[in-house]
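> sequence and predicted structure below; questions after.
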Amino acid sequence: MGNMTNDIDKIIVVGDRVLIRPDDAVDRTKSGLYLPAGYKDNEKVLSGYILKCGPGYPLPTLDEGEVWDSRAKSTRYLPLQVQPGDLALFLSKNAIEIKYNGTKYFIVPQNAILLVERDEF
């Protein structure tokens, strides 16, 4: 039956979406961003850590060519601004909750993310 660990390496995130592990324990981030107690209660805004990101927004190619042509260019993407490891605050109404190997995650489009905190070093 395979390894039943929370191995998310098998998950490929598509487009402008990100995979987020919710973190309900966050009420103050490392840099001092304070999240008031009420933000969890109304659940309009959720927080969590970005685990994986999709490739971004597909860009149109200048020369589409024929679909059957083997020389057709591969799709190019405008990369996302967010990165794995970022702590994200995001709108819950745009988040899709999933469970993978018993762990809860959210799939969120980048435009639902309000801000991120990133540890550069």
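Great, that's in hand.

> rest of the way, CA atoms for contacts and neighbours
Noted.

> my read is that residue 117 contacts residue 86, right?
Yes: using Cα atoms under 8 Å, residue 117 is in contact with residue 86, at 5.7 Å.

> in stretch 97-116, what counts as buried?
Neighbour counts over stretch 97-116 (16 or more other Cα atoms under 10 Å) mark 105, 106, 107, 108, 109, 110, 112, 113, 116 as buried.

> just the ones in strands from those, please.
Of the buried residues of stretch 97-116, the ones assigned to strands by DSSP state E are 105, 106, 107, 108, 109, 113, 116.

> tell me which helix or strand in this protein has the weakest average pLDDT.
Counting by mean pLDDT, DSSP states H and E, the chain has its least confident helix or strand at helix 38-42, which shows a mean of 56.

> report the next helix or strand after that one in sequence order.
strand 45-53 (DSSP states H and E).

> and that next one, what other elements does it pack with?
The elements that strand 45-53 packs onto, with contact taken as 3 or more Cα pairs under 8 Å, 6 or more residues apart in numbering; DSSP states H and E, are strand 17-22, helix 38-42, strand 87-91.

> strands paired with that strand, and their directions?
Note on strand 45-53: by DSSP bridges, its sheet partners are strand 17-22 (antiparallel), strand 87-91 (antiparallel).

> and it, average pLDDT?
Across strand 45-53, the average pLDDT comes to 93.

> next, the angle strand 113-117 makes with it.
Angle, strand 45-53 to strand 113-117, by axes from the mean of the first three to the mean of the last three Cα atoms, to 10 degrees: 70 degrees.

> from the buried residues of stretch 97-116, which is closest to residue 56?
Of all these, residue 110 has the smallest distance to residue 56: 8.9 Å, by Cα to Cα.

> many thanks, have a good one.
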